[in-house]
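J.: Dropping the sequence and predicted coords here.
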Amino acid sequence: MPTPDPAKNPKDGLKNCWVVVTRPSHQAINLSNSIESEGGHPIPFPVIEITTPSQTANAEHLIKNLDPYQLAIFISSNAVNRGLAMVNAQGHWPKALSVAAVGQATASALRAAGFESVLVPRERFDSEALIKLTALQDVAGQRIVIFRGEGGRAMLGDGLRQRGAKVDYLECYRRVRPQIDPSILHKHWHNRQLDIITVTSAEGLRNLYDMVAPDDHRHLLSTPLVVCHPRLVPVAHKLGWQATVLVAKNSDDDGLVEAIRTWRNESRQP
């Protein structure tokens, strides 16, 4: 009888694998459940907390004047949830205003909110993939509003402006570093119950480094890491990462779990 392939057995794929989940608390449940469903042990350690923006005057002004815009781009599911809540509280959504999403999770959040047609990349889920879509090539003269968190990347907005679009940012949330007891991770390292870490943003990776006790930096930098985008790899190396840094093929929870599973299977090879 052939030996079962752990990658095809959802109950054993991550058996006894201890995984640090650094997503914000309200977004970590699905990933933690997926890890548990494959026999793994999630270790919640959020490195980013989502809160209200420090300044709201500009956002409120834009919300009350959305009618002239042709397209609204949402950078994340947080932008969808926080942004639409602000719109519903202070204004209305223009019927002619189309929506776009950077990734599938964001697109799903928009569909759940009632938007049937969402422009979204089919493969790579990032700003670089979105701006390559045919629908965003000829945007000269269009007004585009980007819903995002404070201090987000400028690549998408800059690229659309270079094509002649008028772009405004509606910053509807803020990312802050949570106050968490770092001894949580220290205990897991001490008990040899910490195998791999998941991180989904450069800011989160830097926060993780700063949140871990200095005496545990050697443990942190020697622990395998799974990230959601290639641009996080040089960030990890700049921090001094010595262990393997894996890039998930997809940036969603399924992509992270697949990357962990692949790493686990390869690490078992003789």
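T.: All right, it came through fine. Keep in mind that what you see is a predicted model, and the values were worked out from it rather than measured.
J.: sec struct for Asp81, please.
T.: You called it Asp, but residue 81 is Asn. State at Asn81, reduced to three classes by DSSP: H, G, I helix; E, B strand; the rest coil: helix.
J.: Tell me how many other residues crowd the closest residue to it other than its chain neighbours.
T.: Once flanking residues are discounted, Asn81 sits nearest to Ala109: 6.5 Å by CB to CB, 6 or more residues apart in numbering. From N, CA and C alone the C-beta is placed, and that goes for glycine too. By the criterion of other CB atoms under 10 Å, Ala109 has 21 neighbours.
J.: For Ala109, give its distance to Leu84.
T.: Counting by CB to CB, to the nearest Å, the separation of Ala109 from Leu84 is 9 Å.
J.: what touches both of the two?
T.: Residues touching both Ala109 and Leu84 (CB atoms under 8 Å, 6 or more residues apart in numbering): none.
J.: okay but Leu121 is in contact with Ala107, surely?
T.: Wrong residue type there; residue 121 is Pro, not Leu. No: using CB atoms under 8 Å, Pro121 makes no contact with Ala107, being 9.2 Å away.
J.: any idea how the protein splits into domains?
T.: As assigned by automatic domain parsing, the chain contains the domains 6-48+180-267, 51-176.
J.: Tabulate the ones you listed (JSON lines), appending mean pLDDT.
T.: Output for the domains of the chain, formatted as JSON lines (pLDDT from 0 to 100):
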{"stretch": "domain 6-48+180-267", "mean pLDDT": "92"}
{"stretch": "domain 51-176", "mean pLDDT": "93"}
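J.: Check which helices and strands the helix or strand harbouring Ile35 is in contact with.
T.: Per DSSP states H and E: Ile35 is located in helix 29-37. With contacts taken as 3 or more CB pairs under 8 Å, 6 or more residues apart in numbering; DSSP states H and E, helix 29-37 sits against strand 18-21, strand 41-44, helix 253-267.
J.: what angle sits between the last one and helix 29-37?
T.: With axes from the mean of the first three to the mean of the last three CA atoms, to 10 degrees applied, the angle from helix 253-267 to helix 29-37 works out at 30 degrees.
J.: What distance do you get for the residue nearest the centre of the chain to Arg148?
T.: Taking CA atoms, centre = their mean, the centroid of the chain lies closest to Thr200, which sits 4.8 Å from it. Using CB to CB, Thr200 is found at 15 Å from Arg148.
J.: now swap in Val257 and tell me
T.: From Val257 to Arg148 the distance is 27 Å (CB to CB).
J.: If you count neighbours, what's buried in stretch 103-116?
T.: Gly103, Gln104, Ala105, Thr106, Ala107, Ser108, Ala109, Leu110, Arg111, Ala113, Phe115 (16 or more other CB atoms under 10 Å).
J.: actually stretch 120-132, not the one I typed
T.: Neighbour-count burial for stretch 120-132 flags Val120, Pro121, Arg124, Phe125, Asp126, Ser127, Leu130, Ile131 (criterion: 16+ other CB under 10 Å).
J.: Please enumerate the strands of the chain.
T.: Secondary structure of the chain (DSSP state E): strands at 18-21, 41-44, 49-51, 71-74, 98-101, 118-119, 143-149, 166-176, 196-199, 225-227, 245-247.
J.: Redo these as a markdown table? Include mean neighbour count and distance to Thr262.
T.: Formatted as a markdown table, the strands of the chain follow (neighbours: other CB atoms under 10 Å; distance: least, CB to CB, whole Å):
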| stretch | mean neighbour count | distance to Thr262 |
| --- | --- | --- |
| strand 18-21 | 23 | 13 |
| strand 41-44 | 18 | 18 |
| strand 49-51 | 16 | 30 |
| strand 71-74 | 26 | 30 |
| strand 98-101 | 22 | 27 |
| strand 118-119 | 18 | 30 |
| strand 143-149 | 23 | 30 |
| strand 166-176 | 20 | 29 |
| strand 196-199 | 25 | 11 |
| strand 225-227 | 25 | 10 |
| strand 245-247 | 18 | 8 |
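J.: how about TSV for those strands, with distance to His92 added?
T.: Shown next, in TSV, are the strands of the chain (distance: least, CB to CB, whole Å):
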stretch	distance to His92
strand 18-21	37
strand 41-44	38
strand 49-51	24
strand 71-74	13
strand 98-101	15
strand 118-119	19
strand 143-149	14
strand 166-176	15
strand 196-199	38
strand 225-227	39
strand 245-247	41
